[in-house]
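Engineer: Can you look at this prediction? I've put the sequence above it.
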Amino acid sequence: MPEGTIDIDRAVTRFATLLQIPTVTTQDEKDTDWAQFVTFREALDTLYPLIATKLRKQIFADHTLMYHWDTGSTADPIVLMAHQDVVSPGDPDGWMHPPFAGTVADGAIWGRGAIDDKGPLVCICEAVENLLAQAFTPDRDVYLLFGHNEEVAGDGVPTVVEYFRRQHITPGLVIDEGGAVAGDLFPIKKKIAAIGTAEKGMLDLQLSATDPGGHASMPGKHPATTRIARALVKLDEFTFPPRLTPPIMEMLAVIGAHSSGPLGAVLTRADRLQWLITTLMPRAGALMNAMIRTTAVPTVLEGSNGTNVMAESARAVLNIRILTGETVAGTVERVRKVIHDPEIRLDILNSAEPTPISPTDGPAFARVEHAVAEAFPGTVTSPFLVVGASDARHLAQISDYVYRFYPFELDAETRSLIHATDERLTVDALEHGIRFYEAILRGSH
């Protein structure tokens, strides 16, 4: 295939085939159909024969896939990441097209995982397969790393990180899911490619209370359910303090440089007007609010199983996303002070500290900027703080150059489809994604 040519029809067909395989993970591994992951990797080998025959494949933690493109270079390698697993589609009857049919309609490929995260996975494979067909050799080794249990914070990619440590492999560039190209997220005329240079920490914190229980007709004072409810109300009324972290300061500087009038005047003075900016940003929506403060929301509530039985125990689980510069321990202590109830026990179910911030100067970020310019001409590249969590946080333990980016143009409506009904990716977005990864691999070639 000539350089620069993409067989988009073939890419769409391959993508649709992979979307038909329901690689859904669940918190309880016994409820996950692991045979689907075997089917998925067999399909990859069939659909991408050059990757299967020319790259060394390894399997970690039973299902995480890694392909090594050995170039003989001693330069720090590139790691391109995506994950195989998807969340449940919910009620399939609510979808316009069945979630695992891989339907191509209205200029898009429909299905659970189309954006998160089989879209990037297919774009990576398409780019590598195309370059292999052209007998192209990158300027350094490349690893394709496809985790199998990212959606449940599983052990797949952490196992690979330990392997890298043992082999003394230090990635010089890592790219995983995260920001995207957005024309509607920022108040400027140009589109911005938001590249995540860090991600917030994650904490699942359980609040639990106990009580003697008994018949609901004879309630005691402050039963377990009431204490938990009171604690949640206090937390709902509490707002974590705002702060502009380095990724957000850099993002505001980029926006300010492309803004005029009062907005440009404010953003170019962000270091001196933080009080004003942190007041205005939350008014722009939930995402802007989440980028400047720690957030906490109850996701699990449990009490009695009977309507006439007082609960002997009650619990709630808070999902907390910790702002860069703060810690898990400090956040737990803050929650403890806010609820101010020594009868409520706090237990950490799962946690991860905020990641280090990857630099925006130097050759790694420049390579990403170059790829953005190739795939999305006229787009401005900006740092960004990822408010969710990805497998990239594990690679940040061994590499300083970890960036998070969906190489797609996603408007507000399309972003809202991630983990939701009618998830889909346009054919045009798929082609741009392939071009992005090809540009990453070509570098300055």
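Structural biologist: That came through fine.
Engineer: So for stretch 295-309, first residue to last residue, what's the gap.
Structural biologist: End-to-end span of stretch 295-309 (Cα to Cα, to the nearest Å): 33 Å.
Engineer: How about stretch 143-160?
Structural biologist: Distance between the two ends of stretch 143-160: 11 Å, counting by Cα to Cα.
Engineer: Check stretch 402-415 too.
Structural biologist: Taking Cα to Cα, the span from the opening residue of stretch 402-415 to its closing residue is 22 Å.
Engineer: which of the residues in it are buried?
Structural biologist: By neighbour count, and taking 16 or more other Cβ atoms under 10 Å as the criterion, the buried residues in stretch 402-415 are Val402, Tyr403, Arg404, Phe405, Tyr406, Pro407, Phe408, Glu409, Leu410, Thr414, Arg415. From N, CA and C alone the C-beta is placed, and that goes for glycine too.
Engineer: Columns distance to Gly94 on top of those, output as CSV?
Structural biologist: Output for the buried residues of stretch 402-415, formatted as CSV (distance: Cβ to Cβ, whole Å):
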residue, distance to Gly94
Val402, 36
Tyr403, 35
Arg404, 30
Phe405, 30
Tyr406, 24
Pro407, 29
Phe408, 24
Glu409, 26
Leu410, 21
Thr414, 18
Arg415, 19
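Engineer: Which pair in those residues has the greatest spatial separation?
Structural biologist: When those are compared pair by pair using Cβ to Cβ, the farthest-apart members prove to be Val402 and Thr414, with a separation of 24.7 Å.
Engineer: follow-up on the earlier one: which of the buried residues of stretch 402-415 fall within helices?
Structural biologist: In this view, those that belong to helices under DSSP state H are Thr414, Arg415.
Engineer: any idea which of the buried residues of stretch 402-415 is closest to Arg230?
Structural biologist: Checking the buried residues of stretch 402-415 against Arg230 by Cβ to Cβ gives Arg415 as the nearest, at 35.1 Å.
Engineer: State the pLDDT value of the closest one.
Structural biologist: What the model reports for Arg415 is a pLDDT of 89.
Engineer: Test my guess that Pro407 contacts His432.
Structural biologist: Yes. The criterion here is Cβ atoms under 8 Å, and Pro407 meets it with His432 at 6.5 Å.
Engineer: for the closest residue to Asp45 other than its chain neighbours, what are its contacts?
Structural biologist: Spatial nearest neighbour of Asp45, excluding adjacent residues (Cβ to Cβ, 6 or more residues apart in numbering): Ala52 at 4.1 Å. Taking Cβ atoms under 8 Å, 6 or more residues apart in numbering as the contact definition, Ala52 lies against Leu44, Asp45, Thr46.
Engineer: Three-state assignment for Pro282, please.
Structural biologist: For Pro282, the secondary-structure state derived from DSSP: H, G, I helix; E, B strand; the rest coil is helix.
Engineer: in the sheet, who's paired with Val79?
Structural biologist: With DSSP bridges as the criterion, Val79 is bridged to Tyr143, Val174.
Engineer: tell me the mean pLDDT for stretch 110-122?
Structural biologist: Averaging pLDDT along stretch 110-122 yields 98.
Engineer: Nearest the geometric middle of this structure, what residue?
Structural biologist: For the chain, Ser390 is the residue whose C-alpha lies nearest the centre (Cα atoms, centre = their mean; 4.1 Å).
Engineer: On the pLDDT front, check that residue for me.
Structural biologist: Per-residue pLDDT puts Ser390 at 95.
Engineer: For it, give its distance to Thr421.
Structural biologist: Using Cβ to Cβ, to the nearest Å, one obtains 22 Å as the distance from Ser390 to Thr421.
Engineer: Kindly report the same for Ala389.
Structural biologist: 23 Å.
Engineer: cool, and Ala366?
Structural biologist: With distances taken as Cβ to Cβ, Ala366 is found 39 Å from Thr421.
Engineer: ok, back up a step: give the residues shared as contacts by Pro407 and His432.
Structural biologist: When contacts are counted by Cβ under 8 Å, 6+ apart, Pro407 and His432 have Ala375 as shared neighbours.
Engineer: just to revisit the earlier point, so which of the contacts of Ala52 wins on neighbours?
Structural biologist: In terms of neighbours by other Cβ atoms under 10 Å, the contacts of Ala52 top out with Leu44 at 25 neighbours.
Engineer: residue contacts, that one?
Structural biologist: Taking Cβ under 8 Å, 6+ apart as the contact definition, Leu44 lies against Leu18, Ile51, Ala52, Leu65, Cys125.
Engineer: which is the next helix or strand following the helix or strand that contains it?
Structural biologist: When secondary structure is defined by DSSP states H and E, Leu44 falls within helix 35-47. Sequence-wise, the next helix or strand beyond helix 35-47 is helix 49-54, with elements assigned using DSSP H and E.
Engineer: what pairs with the very next helix or strand once past that following helix, and is each one parallel or antiparallel?
Structural biologist: Past helix 49-54, further along toward the C-terminus, the next helix or strand under DSSP H and E is strand 56-60. Each strand pairing with strand 56-60, determined using DSSP bridges, is listed with its direction: strand 64-69 (antiparallel).
Engineer: mind checking how far the strand it pairs with is from the chain centre?
Structural biologist: 20 Å (Cα atoms, centre = their mean, to the nearest Å).
Engineer: The residue nearest to Gly94 when sequence neighbours are not counted: neighbour count?
Structural biologist: In space, and not counting its chain neighbours, Gly94 is closest to Thr421: 5.1 Å by Cβ to Cβ, 6+ apart. The local packing of Thr421 (other Cβ under 10 Å) involves 15 other residues.
Engineer: So the nearest residue to Ala105 once chain neighbours are set aside versus Asp422, what's the distance?
Structural biologist: Spatial nearest neighbour of Ala105, excluding adjacent residues (Cβ to Cβ, 6+ apart): His97 at 6.3 Å. Noted for His97: a distance of 8 Å to Asp422, by Cβ to Cβ.
Engineer: Now do the shared contacts for these two.
Structural biologist: A shared contact of His97 and Asp422, defined by Cβ under 8 Å, 6+ apart, is any residue touching both; here these are Trp110.
Engineer: Now the phi/psi pair for the residue nearest to Gly94, please.
Structural biologist: The phi and psi torsions at Thr421 (degrees, to the nearest 10) take the values phi -70, psi 140.
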